[in-house]
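Undergrad: Quick one, structure for this:
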Amino acid sequence: MSDIVLYWREQGRRFSLNTILLAGAVLYTVFLCLAGGRESWLNSYPEEWNWTIAQSITVTVKYVVNDLALGGVTLAEVTRGIAGVLEMPMVALQGILSEGFTFYGESGDVISIPSLPWPAVVFAMVVFSWRAAGKGVAALALATLIYFLIFDLWHPAMLTLSSVMVAVFVSFALGLLLGAWGYRSKRANAVLMPIYDVMQTIPTFSYLVPVLLLFGFNPIAAMIATVIYAMPPMARVTTLALQRVPASISDFGTMSGCTRRQKMWMVLLPASRQNLLIGLNQVIMLTFAMVIIASVIGAGGLGGKVYQGLKALRIGEAVEAGIAITLMAITLDQISRAIALRRPDHTEATAGPLWRKHLFLVSTVFVLAMIVLAQLFPMLQNYPEAATISTGSLWNDVILWVSDTYYSQIKAVREASIGYVMRPVKTFFLSVPWTGFTFVVAAISFAAGGRKLAIISGTLLSFIAVTGYWEQAMVSLYLVFLSVVITVIIALPIGVWAGFSKMADRIVTPTIDTLQTLPSFVYLIPVVMLVGVGEFAGLIAIVAYSLPPGVRYAKQGIRNIAQQSIEVAVMSGCTARQKLWHVQVPLALPDIMLGINQTIMFAFGMLVITALVGTRGLEHDTLVAISKVQPGEGIVAGLCIAFLAIIADRLISQASRNLQHQPGGEGR
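TA: Numbers count the residues shown, from 1 in each chain. Model (predicted):
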């Protein structure tokens, strides 16, 4: 009891100081707004004071890449050589699955080796899916591959699959090595973790420019950009999985006489198998999130189909390719998840038909038979174009019908949203003095996490101002703020409903699982179809993409409430409404806060994609930097987005921890 009294006394003292600081910051901001004088440096940071770090980075990077030479060799030549090495497995896979191989002899002879016939590829992939994840996933894999064939997407789909497989392998291997290094060395882990934070929060467009300079405009550059984006979660999972290995297993390896390297690769990593495979699942999904973004710098494949379709407003083609990406992502997600959750079975199968015991031999015989038959029947080598269909005109007709039928309603909703919600909020964010905004955020940070968090928040916001990106940052922030508010309003009731009702959960959980599997770019297709381009389209796309984590964590918060807390509320005579608002929601608040945190992170992740439909904040600057090959501008604008995301992440995470550490907060 005395601990609780002391806790609340300390909280009272902190509340008084926090209230004074926050009130002072708000009054200062209001005073600046009422005093006017936008020309004052306290309101608008002077342009002539801008720190031209972006231009300096651009000049430096271009010089280092193209002109600085050691021993007569430039960095660009070295990286092109690395790209050539990485290109070999990708070219090999593409040749096996779709393009074949062409060899030129010294006398000018051309030898062509065709790719595997499509029936052989379909059979092999379905058999692998069945062995890895069961009949249901095998049926899904078969349907996916048939979709590729029927809609004449086999070639781009196989190109995408090849690049994804290589990128996943490289990301998995690098993540494994860095994660093991972080586990062995606390000093290395302390350095690597902030680097992972920056790699995961900086927008993908920002590091596409330096990757372009280093590796050129080609699929290898796109693959390397994908690895940069997808590798950090694997490294984090590896370090965490190794830290969770019981000490008894590590001691067993030591007593068995293992060297340090043997213990790592033969004891600790095998013991972490399931967690590592879950990390692999994350790598696969993040790789698919980059499929279309990477098409901006020459990745091609299905991502290129979607990008070119949207760019040329050929919505039908974009929809077909978007569905193909979604099907491929869901199939690989289901396979990797099944492998991750499966327990090793060391027993020998004694029952079952003979062909099942020798499935590898049966598959090999079938593939060889298809290769031979494809020489006699060309339709087995290349799926006949006459048997393909296209729904492009159908989608275009649907769009036209929707536009004609519901034009007035869509226009009314769009204009009302822009006029009464979006424009006023945008005007507010742009009119707040930069010093006042910085002081208010620093005061909130101090109240949530103390002096250190306040200094971090103030410093990061000041960086945005002095580099000349304040106005663009406020445009991006207003869009994220509105999106998160709308998402939370939608997600919380759905999550609470799914937490209470098993029937609702059977509907909600598969839906959000599917939504979370969809690559981010796919969300733009229906939005552009219905409302065109602009900030309103970006808002809808961000809300749709950010919805799953909000729903998931709200449901989890309700499910995690201890039954005894519910029983106490019932015995106290609470009505259902009182029990919800005074017991269940407050106890679920830490999980709900984590859901809001993830919603904000998803919103910032989708923000960068919305630059392709006409939003004009920092995300637009990162996209322009690619077209103009300006790495400095892209990196600095990306850092500004990352800093906004980091501030929001730290504030929400600290608030969630504060709620959990309150008396009674851990005994839910």
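Undergrad: these two touch, right, Gly458 and Phe437?
TA: No. In this structure, Gly458 is not within contact of Phe437 by C-beta atoms under 8 Å, at 10.5 Å. Yep, even glycine has a C-beta here, placed from its N, CA and C like the rest.
Undergrad: Stretch 561-569: which residues count as buried?
TA: Neighbour counts over stretch 561-569 (16 or more other C-beta atoms under 10 Å) mark Ile561, Ser565, Ala569 as buried.
Undergrad: Tell me which of the residues you listed fall in helices.
TA: Secondary structure from DSSP state H places Ser565, Ala569 of those in helices.
Undergrad: Looking at the buried residues of stretch 561-569, spot the one nearest Trp581.
TA: Of all these, the one sitting nearest Trp581 is Ala569; the distance, using C-beta to C-beta, is 10.8 Å.
Undergrad: hang on, isn't Met601 packed against Asp649?
TA: Yes. Taking C-beta under 8 Å as the contact criterion, Met601 and Asp649 are neighbours in contact, 6.4 Å apart.
Undergrad: Can you tell me how far the residue nearest the centre of the chain is from Ser520?
TA: The centroid of the chain falls nearest to Leu286 when counting by C-alpha atoms, centre = their mean (5.3 Å). Here the distance between Leu286 and Ser520 works out to 10 Å (C-beta to C-beta, to the nearest Å).
Undergrad: likewise Thr287?
TA: Distance of Thr287 to Ser520, computed by C-beta to C-beta: 12 Å.
Undergrad: Pick out whichever of the two has more residues nearby.
TA: Under the criterion of other C-beta atoms under 10 Å, the comparison of Thr287 against Ser520 puts Thr287 first, with 27 against 23.
Undergrad: I figured the more buried one hits Ala230, correct?
TA: Yes. The pair formed by Thr287 and Ala230 meets the contact definition of C-beta under 8 Å, at 4.8 Å.
Undergrad: Now do the shared contacts for these two.
TA: With C-beta atoms under 8 Å, 6 or more residues apart in numbering applied, the overlap between the contact sets of Thr287 and Ala230 consists of Ala167, Val168, Ser171.
Undergrad: Just give me the neighbour total for Trp49.
TA: Using other C-beta under 10 Å, Trp49 is surrounded by 10 other residues.
Undergrad: Show the contacting residues for it.
TA: Trp49 neighbours (C-beta under 8 Å, 6+ apart): Trp41, Val466.
Undergrad: switch the cut-off to 10 Å
TA: For Trp49, the contacting residues are Trp41, Ala465, Val466, Gly468, taking C-beta atoms under 10 Å, 6 or more residues apart in numbering as the criterion.
Undergrad: likewise Trp497?
TA: By C-beta under 10 Å, 6+ apart, the contact list for Trp497 reads Met503, Ala504, Asp505, Ile507, Val508, Val551, Ala554, Lys555, Ile558.
Undergrad: Val585 versus that one, what's the distance?
TA: Here the distance between Trp497 and Val585 works out to 13 Å (C-beta to C-beta).
Undergrad: what touches both of those two?
TA: Where contact means C-beta under 10 Å, 6+ apart, the residues bridging Trp497 and Val585 through contact with each are Ala554, Ile558.
Undergrad: Can I get stretch 506-522 as PDB, trimmed to CA atoms?
TA: Listed in PDB are the C-alpha atoms of stretch 506-522, where the atom choice follows Å, rounded to 0.1, in the frame of the first residue of the first chain:
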ATOM      1  CA  ARG A 506     -13.400 -15.900 -37.500                       C
ATOM      2  CA  ILE A 507     -14.300 -13.200 -40.000                       C
ATOM      3  CA  VAL A 508     -11.900 -10.400 -38.900                       C
ATOM      4  CA  THR A 509      -8.700 -12.300 -38.400                       C
ATOM      5  CA  PRO A 510      -8.500 -13.900 -41.900                       C
ATOM      6  CA  THR A 511      -9.500 -10.600 -43.400                       C
ATOM      7  CA  ILE A 512      -6.700  -8.600 -41.600                       C
ATOM      8  CA  ASP A 513      -4.200 -11.500 -42.300                       C
ATOM      9  CA  THR A 514      -5.000 -11.100 -46.000                       C
ATOM     10  CA  LEU A 515      -4.800  -7.300 -45.900                       C
ATOM     11  CA  GLN A 516      -1.400  -7.500 -44.100                       C
ATOM     12  CA  THR A 517      -0.100  -9.900 -46.800                       C
ATOM     13  CA  LEU A 518      -0.900  -7.500 -49.700                       C
ATOM     14  CA  PRO A 519       2.000  -5.500 -51.000                       C
ATOM     15  CA  SER A 520       1.600  -1.900 -50.200                       C
ATOM     16  CA  PHE A 521       1.500  -0.700 -53.800                       C
ATOM     17  CA  VAL A 522      -1.600  -2.900 -54.500                       C
END
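Undergrad: Gly300 reaches Ala157, doesn't it?
TA: No. The pair Gly300 and Ala157 does not pass the contact test of C-beta atoms under 10 Å, sitting 11.4 Å apart.
Undergrad: out of the two, which sits in the busier spot?
TA: Ala157 (25 against 19).
Undergrad: Can you pull the phi and psi angles for the more buried one?
TA: The phi and psi values for Ala157, taken as degrees, to the nearest 10, are phi -70, psi -40.
Undergrad: excluding its backbone neighbours, what's nearest it?
TA: Nearest non-adjacent residue to Ala157, counting by C-beta to C-beta, 6 or more residues apart in numbering: Phe148, 4.3 Å away.
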